[in-house]
Every structure is written in structure tokens, then in C-alpha cells.
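Asks: need the 3D shape of this:
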Amino acid sequence: MTRILVIDDEATIRRGVRRFLEHQGFEVALAEDLSSAREQVDRTAFDLLLADLRLPDGEGTALIGEYPQLPTVIMTSYASVPSAVEAMKSGAIDYIAKPFDHDALLLTLRAALRSSTHHRHDAKVQADASAQQGLLGESAAIATLRQQIRKVAAIDSTVLIRGESGTGKEVAARAIHTLSPRAAQPFIPVNCASIPEGLVEAELFGHAQGAYTGAVKARTGLIEAAHGGVLFLDEIGELAPAAQARLLRVLQEGEIRPVGANQARRVDVRLLAATHRDLEAMIDTGEFRADLYYRLRVLELRIPPLRERLQDLDLLVTHFLAELEQRFGTPGLTLSDETRRRMQAYDWPGNVRELKNALERAVVLSEHNRIDWGHLGLDRPATEPLSRSASLNEYFRRFVIENQSHMNETELARALGISRKTLWERRQRENLPRP
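Replies: Here you go, the predicted model:
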């Protein structure tokens, strides 16, 4: 059913339009101002906006720039040619003057919906892209996250993105870059945990020729490579102390000094950082610099774990199964009712990444395109009361023990979404040496 949001500050007009449109088979929601409209659009998927030009907190055309994927029809009692022209220039798909009769309104809306086919197609493509990267969902948590991303994208400040492994922190960083004024400039992602400690500074800041053994020619660092654009430092909590001090200078002074170089260079970089670690606790133990922490945490985003937005689970499953059907050439993949029930009860310590990997495993192991609970490899009872940290540790131990006989270290690390260095460190902490 087609969903329309009617935005008008006059209650009688809102109610009258809703009664008429619902009688014509549309699903209608109401808003009295821009603020209320934004809240509803961020929470619900609409096919069209019908907005008054003059609203208590601004003009209805403001929504066009904020939600370009939604076709918008502007209505106004200021029935003049200049008003119509300005509304169309702002991107309105059509315009209707008050007072209008219902037949004219219906014809206008149906024409707008027909002509907006390309808008809906673009919205679907955008939704599919988000889904591939873990941001698909209709829950309040994910709607809030998308709204926050739009806001911080417009501000050229440092952002600290926090969330558990597998939640989609890099996805959020890429979305910020895409929506920011720097979108046409480079986006350079760096996993701090994957760079050997002895090479971190050279990788990030570059090096001069002859700076150390093997440096046969000068090399540009990753920070300088992001000049004009965005540098995304994933797992910032793994950064060595010396590199932390040099990164702080970049944020304070806007300049870098390559290893072995005599002169500093100016750089214009927006820094986004992400971590799943407790940086505050690391400050207390001296593992992370407090001054760097406050420089990074100008703005902060929290990516919700999957267990906090289980209402998105069916949507994610549908999307990933569609991907797997195309990838493996197995149309018609289905989940048993018991599987869906137990998936809703499971706490998903590995989040969206674990869900995607479990479904891929299930497609390989299942027969006749029917996926049962056992195919997913999620054997721990879903109701077992574990703390977050205990749950993650248990998941790590179980996954390594079950798979190390037929997977090498690179494959294990890739499946867990971590580097080989981090895998080795976790093995030591959990007393799980390689057999």
C-alpha cells in the first residue's frame, strides 16, 4: 500500500485530506510541522510527501533537500506563479494551490507517484547498498543512527565510532564520508590492528629515503594520501603509544613529519576513528592517551549491536538470503519456523557479520534449499545468561576450537573479522595455542 505523509499546520485540512486519501486506498500519516515530519520519515518508509509551503518552523521545501529520495508535492494557500516556480526550483515534483478539490488533489498525487518511479528505484538501490554494509533496518535504533550520520556528516569534525565487532563501524564511516562535503575526495580506511607495530608510524606518516633499512625510496603515508578527504582509523585502541603521540600532533597542528624527514608537511584530513574497546579503561591503565581520546571524541556515534535491534533480523535475513541465492545459484532459500524462532532468541555476539557468515554456512550445508537451526552452527543455547564480554569470549573460543582443524590462521581471522595479529593475541589471552 502506498504511504503518504501529509504535513500541514491546520488540523482540519490534515484530517480532511487523510479521510479522503484513505478512502482512495492510500495509507496516510499526519504531521503538523517540519520537526514532527522528520521524526516520522526517519522512522517509517513513505512513498510521497504532501507538504504545506508555510509551516510553523520553516518551509515545506526544506524537506526536499533533506530527503531527496522522496517525491514531494507542495501545497499552499499562496496561489501565485512565483510560489509555484520557487517550489519547483527547490525540487518539488508538483504543486497544488489551496483551496483545492479532492479530484484535483488525487490526480496530482497519482501523477507525482507515476513520475517518481526513478526516485523509488534510486531509493531501492540505496537501501540495497546499505544492507550490504550492515545498515539495513527499520528499527528505532538504526533509524536514529542514520539520522545521526546525516548530522555529523555535515560537520567537519573528528568522530569516534563505537560498537562491538561485526556491527558495521566502517559502514558508518563510509556513510559519513559519502554524505559530507568531502565526498569527492579520498576515503582511506586503515585497520590499526593489522599493521605490525614496528611499521605503524611509517605506514601512517610515510618515510624519507634511507629512513631505515629497506627504505630505498621515499614513501607517502596513509594520512597524507587522505589529504582533502577522510582518514578512517579502525581499531584505534590498538595504536602503539608512539603513534598515538604523532597522531595527536596531526590533530592539533594539521601537519605530519614522515619518518626520517627534516620538515613537516601540512595536511587537510578529516579523521574518523572506531573501536570496540573501552578507551576510558585503557586511559586508566596508561594504554591510551587521554589528550588523544578527547581530540577524537569531538562527536561520537554508537553502532547498536544486533541483539538490540532484533526487529531488523527478518529484513537482514531476507537480504542476505537474496544475495546468497544469486551467488550460489540456489533460488528459493527458506528458513524453518523453528529456525526463525531460535534466531530471534539468540544473542548474536558477532552481530551482523556473524549472521551473514552463519547464513552462508547454512546454505552450503543445507539440502533442498531449506535451512534448519543446525545448519547455522549456532550451537550455544540462546537463553544462556552470559555477560557481553563473556558472550564474546565464549563465541571466540567456540569458533576457534570448532574450526581450527580445517581452517588456517588467515581463514580463521577473516571469518572472525579480525587481523592475524589480533587472533594470535586473543589465542594467548584465552590460552588457546594453535595445535
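Asks: tell me which helix or strand comes right after the lowest-mean-pLDDT helix or strand in the chain.
Replies: Scoring the helices and strands of the chain by mean pLDDT, DSSP states H and E places helix 117-132 at the bottom, with a mean of 46. Later in the chain than helix 117-132, the nearest helix or strand by DSSP states H and E is helix 140-153.
Asks: any residues touching that next one, and which ones?
Replies: 38, 42-43, 66, 135-137, 159, 172, 175-180, 299, 301-304, 308-309, 312 (C-beta atoms under 8 Å, 6 or more residues apart in numbering). Just so you know, the C-beta spots here come from the backbone N, C-alpha and C atoms, and that holds for glycine as well.
Asks: those in helices, which ones?
Replies: Members of the contacts of helix 140-153 lying in helices (criterion: DSSP state H): 38, 42-43, 66, 172, 175-179.
Asks: out of those residues, who's nearest residue 397?
Replies: Set against residue 397, the nearest of these by C-beta to C-beta is residue 172 (28.5 Å).
Asks: leaving out the residues flanking it, which one is nearest to the closest one?
Replies: residue 161 (5.4 Å; C-beta to C-beta, 6 or more residues apart in numbering).
Asks: pretty sure residue 59 is touching residue 53, no?
Replies: Yes: using C-beta atoms under 8 Å, residue 59 is in contact with residue 53, at 5.9 Å.
Asks: do you know how far the residue nearest the centre of the chain is from residue 52?
Replies: Residue closest to the average C-alpha location in the chain (C-alpha atoms, centre = their mean): residue 172, at 3.6 Å. Distance, residue 172 to residue 52, by C-beta to C-beta, to the nearest Å: 34 Å.
Asks: kindly report the same for residue 417.
Replies: Applying C-beta to C-beta, the value for residue 417 to residue 52 is 48 Å.
Asks: could you report the neighbour count for the residue lying closest to residue 181 once chain neighbours are set aside?
Replies: Spatial nearest neighbour of residue 181, excluding adjacent residues (C-beta to C-beta, 6+ apart): residue 156 at 7.2 Å. Using other C-beta atoms under 10 Å, the number of residues around residue 156 comes to 12.
Asks: show the pLDDT at residue 156.
Replies: Residue 156 is assigned a pLDDT of 89 by the prediction.
Asks: doesn't it lie inside a helix?
Replies: No: applying DSSP: H, G, I helix; E, B strand; the rest coil, one finds residue 156 to be coil, outside a helix.
Asks: next up, the contacts around it.
Replies: Residues in contact with residue 156 (C-beta under 8 Å, 6+ apart) are 180-182, 270.
Asks: I figured residue 195 hits residue 203, correct?
Replies: Yes: judged on C-beta under 8 Å, residue 195 makes contact with residue 203 at a distance of 5.2 Å.
Asks: neighbour count: those two, which is higher?
Replies: Using other C-beta under 10 Å as the criterion, residue 195 and residue 203 rank with residue 195 on top: 22 against 19.
Asks: the stretch 151-300 of the chain: strands as residue ranges?
Replies: 159-162, 187-191, 230-234, 255-256, 265-266, 270-275, 299-302 (DSSP state E, counting those that start in this stretch).
Asks: go through those strands and name the closest to residue 47.
Replies: strand 299-302 (29.0 Å).
Asks: mind giving me the packing neighbours of that closest one?
Replies: With contacts defined as 3 or more C-beta pairs under 8 Å, 6 or more residues apart in numbering; DSSP states H and E, strand 299-302 has these neighbours: helix 140-153, strand 159-162.
Asks: gap between the following helix or strand past it and the chain center?
Replies: As assigned by DSSP H and E, the chain's next helix or strand after strand 299-302 is helix 313-328. How far helix 313-328 lies from its chain's middle: 18 Å, per C-alpha atoms, centre = their mean, to the nearest Å.
Asks: which residues are in contact with helix 313-328?
Replies: Helix 313-328 has contacts (C-beta under 8 Å, 6+ apart) with 128, 131-132, 136-138, 306, 330-333, 335, 340, 343-344, 352, 355-356, 359-360, 363-364.
Asks: I'd like the contacts of residue 156 as JSON lines, with neighbour count appended.
Replies: Shown next, in JSON lines, are the contacts of residue 156 (neighbours: other C-beta atoms under 10 Å):
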{"residue": "180", "neighbour count": "21"}
{"residue": "181", "neighbour count": "11"}
{"residue": "182", "neighbour count": "20"}
{"residue": "270", "neighbour count": "22"}
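Asks: now render those as TSV, adding pLDDT and distance to residue 422.
Replies: Formatted as TSV, the contacts of residue 156 follow (pLDDT from 0 to 100; distance: C-beta to C-beta, whole Å):
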residue	pLDDT	distance to residue 422
180	88	29
181	88	34
182	89	29
270	94	26
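Asks: which one's more surrounded, residue 417 and residue 52?
Replies: Shown here are residue 417 and residue 52; by other C-beta under 10 Å, residue 52 has more neighbours (23 against 14).
Asks: gap between that one and residue 258?
Replies: Taking C-beta to C-beta, one finds residue 52 at 57 Å from residue 258.
Asks: now swap in residue 160 and tell me
Replies: Computed as C-beta to C-beta, the residue 160 to residue 258 distance reads 26 Å.
Asks: check contacts around the residue lying closest to residue 407 once chain neighbours are set aside.
Replies: Spatial nearest neighbour of residue 407, excluding adjacent residues (C-beta to C-beta, 6+ apart): residue 415 at 7.1 Å. By C-beta under 8 Å, 6+ apart, the contact set of residue 415 is 357, 399, 403, 407.
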